[in-house]
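Asker: Can you look at this prediction? I've put the sequence above it.
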Amino acid sequence: MKSFKANLIILIIILLVSSAAGIFIYPKWYGSKYKPWSLGLDLVGGTSLAYKIDLSEVDQSEYEAVVAGLREVIEKRVNLYGVAEPKITIAQKGGSYELLVDLAGVKDLKDAVRQIGETPRLDFREVSQDGENIIFTKTPLTGRYISGSSLEFGNLNEPIVSLKFNEEGAKIFEEITARNVGKPLAIFVDDQLTDAPRVNEKISGGKATISGGGEGFTVEGAKQLIQRLNAGALSAPISLTSQRTVSATAAQDALYKIIVAGAIGTGIVMLFMLAYYRLLGIFAVLALLIYTALTLAVFKSGALWLIPSFTMTLSGIAGFILSVGMAVDANILIFERTKEELRKGLIKTAAIEEGFKRAWLPIRDSNISTIITATILYFFTSSFVQGFALTLGIGVAVSMFSAIFVTRNMLKVFIRK
């Protein structure tokens, strides 16, 4: 009796959470007000741009830092246009690098293309104060005078950013630091303040170090500053190589078709489960509805907040629909095992328990194999395949929970003997 009450309470909690998930994923009402769906350009329209990064003037040892810095700077530029969840990735083909920019719903495309294609601009500015207003005054010291920056560690193993200037830049830097001792010297990239380290003394020789002051740097914070400095300092221009535009009408039509196709496919699967397994099929359908609500809620919330920039695309929807089949497949294994135990003469409760035990190993092995495949696809392929791999992997993981926990709990509550 205690076990029945515990299972009933768990089932009620599952139903409440699933209902809340259903409201959350609905594209209107409270779900949309709290957090709207983040959709890719193939679902809302927009433009996909591919840029080739020219690293001919950059030392090979600095490729990674320059490319990472460029990506961050370009992402900030894209954000200026109000693009919802821009997707910016780096693709490496042999020894060359490409910058892939997805602009969903962008309005002024020509201006965006022009601004994105500019090489990042870095400059140093003197800081003064007029009452409560802080004034930044431009200096002649810009990124073209920087030879490079790197990460070093101090006597207490604290991270320090080392900055080197060429001969002409060293003279300008010496003059600026001489008149700004005890004051901050601001570093701007694309007219946005990146850092403002304090000048402790006049600096000669063209080499300076930036530390975090009293609070200190983190290693990640120091690396981020180095990326920004290198992106704005080193000559790594980008050139537009391809452009793909998807109209909003075509995107909406594609979204409508794939939703209808997914609904029809899921409906056919449900009808099959009801016709073939009858009573057990009812539980499979309920478990599938719960699975759908929970999985879509995970996607919308950003994959359990592990991937805050998650964007649903056509390929992602395809991965989710495939995971629906995997969820049903797990129920079929459980039900077939249960039917085998019933034919042996076991009572229903014992047959169900034994069916779950015998089905667990093949379910576990097949789903783990799929998750491993999805993981490989996510980390070693392009962005288009990554969306498919991510939704498939997460969907399969949730399907294991749905089949083993949700279905099992419902059967324990409603089937007694």
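Answerer: The structure has been received and is ready for your questions.

Asker: can you give me the offset of the helix or strand harbouring residue 401 from its chain's centre?
Answerer: Counting by DSSP states H and E, the secondary-structure element that holds residue 401 is helix 383-401. The chain centroid and the centroid of helix 383-401 are separated by 13 Å under Cα atoms, centre = their mean, to the nearest Å.

Asker: What residues does residue 394 make contact with?
Answerer: Applying Cβ atoms under 8 Å, 6 or more residues apart in numbering, we find residue 394 in contact with 295, 298, 299, 303, 323. Any C-beta I mention is one placed from the backbone N, CA and C, and that applies to glycine too.

Asker: in the stretch 51-200 of the chain, which spans are strands?
Answerer: Taking DSSP state E, counting those that start in this stretch as the test, the strands found in the stretch 51-200 of the chain are 87-93, 96-104, 122-130, 133-142, 146-153, 159-165, 185-189, 192-195.

Asker: Tell me which of those lies nearest to residue 349.
Answerer: Put simply, out of those the one that sits nearest residue 349 is strand 87-93, at 50.1 Å, with distance taken as Cβ to Cβ.

Asker: what's the angle from the helix holding residue 401 to strand 87-93?
Answerer: Between helix 383-401 and strand 87-93, the angle formed by their directions is 110 degrees, by axes from the mean of the first three to the mean of the last three Cα atoms, to 10 degrees.

Asker: buried sites along helix 383-401?
Answerer: Of all the residues in helix 383-401, those buried under the rule 16 or more other Cβ atoms under 10 Å are 383, 386-400.

Asker: ditto for stretch 287-300
Answerer: In terms of neighbour count (16+ other Cβ under 10 Å), stretch 287-300 has its buried residues at 287-288, 290-300.

Asker: If we only consider these, which is nearest to residue 314?
Answerer: Residue 314 lies nearest to residue 299 out of those, by Cβ to Cβ, at 13.7 Å.

Asker: mean confidence for whichever strand or helix holds that closest one?
Answerer: Using DSSP H and E, residue 299 falls within helix 279-300. Mean pLDDT, computed over helix 279-300, is 86.

Asker: what distance separates that helix from the centre of its chain?
Answerer: Centre to centre, stretch against its chain (Cα atoms, centre = their mean), the figure for helix 279-300 is 25 Å.

Asker: got the angle for that helix vs helix 383-401?
Answerer: Computed by the same axes, to 10 degrees, the angle separating helix 279-300 from helix 383-401 equals 140 degrees.

Asker: Extract the CA atoms of helix 279-300 and return them as PDB.
Answerer: Listed in PDB are the C-alpha atoms of helix 279-300, where the atom choice follows Å, rounded to 0.1, in the frame of the first residue of the first chain:
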ATOM      1  CA  LEU A 279      -4.300  -1.300 -22.800                       C
ATOM      2  CA  LEU A 280      -0.500  -1.100 -22.700                       C
ATOM      3  CA  GLY A 281      -0.700   1.200 -25.800                       C
ATOM      4  CA  ILE A 282      -2.700   3.700 -23.800                       C
ATOM      5  CA  PHE A 283       0.200   4.000 -21.300                       C
ATOM      6  CA  ALA A 284       2.700   4.300 -24.200                       C
ATOM      7  CA  VAL A 285       0.700   7.200 -25.700                       C
ATOM      8  CA  LEU A 286       0.500   9.000 -22.400                       C
ATOM      9  CA  ALA A 287       4.200   8.500 -21.900                       C
ATOM     10  CA  LEU A 288       4.900   9.800 -25.400                       C
ATOM     11  CA  LEU A 289       2.900  12.900 -24.800                       C
ATOM     12  CA  ILE A 290       4.800  13.500 -21.500                       C
ATOM     13  CA  TYR A 291       8.100  12.800 -23.300                       C
ATOM     14  CA  THR A 292       7.300  15.400 -26.000                       C
ATOM     15  CA  ALA A 293       6.400  18.100 -23.500                       C
ATOM     16  CA  LEU A 294       9.500  17.500 -21.300                       C
ATOM     17  CA  THR A 295      11.900  17.300 -24.300                       C
ATOM     18  CA  LEU A 296      10.600  20.400 -26.000                       C
ATOM     19  CA  ALA A 297      10.800  22.200 -22.600                       C
ATOM     20  CA  VAL A 298      14.500  21.200 -22.300                       C
ATOM     21  CA  PHE A 299      15.200  22.500 -25.800                       C
ATOM     22  CA  LYS A 300      13.400  25.800 -25.200                       C
END
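
Asker: mind checking how far residue 27 is from residue 310?
Answerer: Spatial separation of residue 27 from residue 310 under the definition Cβ to Cβ, to the nearest Å is 16 Å.

Asker: The two: which has the busier surroundings?
Answerer: Each of residue 27 and residue 310 has its neighbours counted (other Cβ atoms under 10 Å); residue 310 has more, 21 against 10.

Asker: To which secondary structure element type does the more buried one belong?
Answerer: At residue 310 the chain is in coil, as set by DSSP: H, G, I helix; E, B strand; the rest coil.
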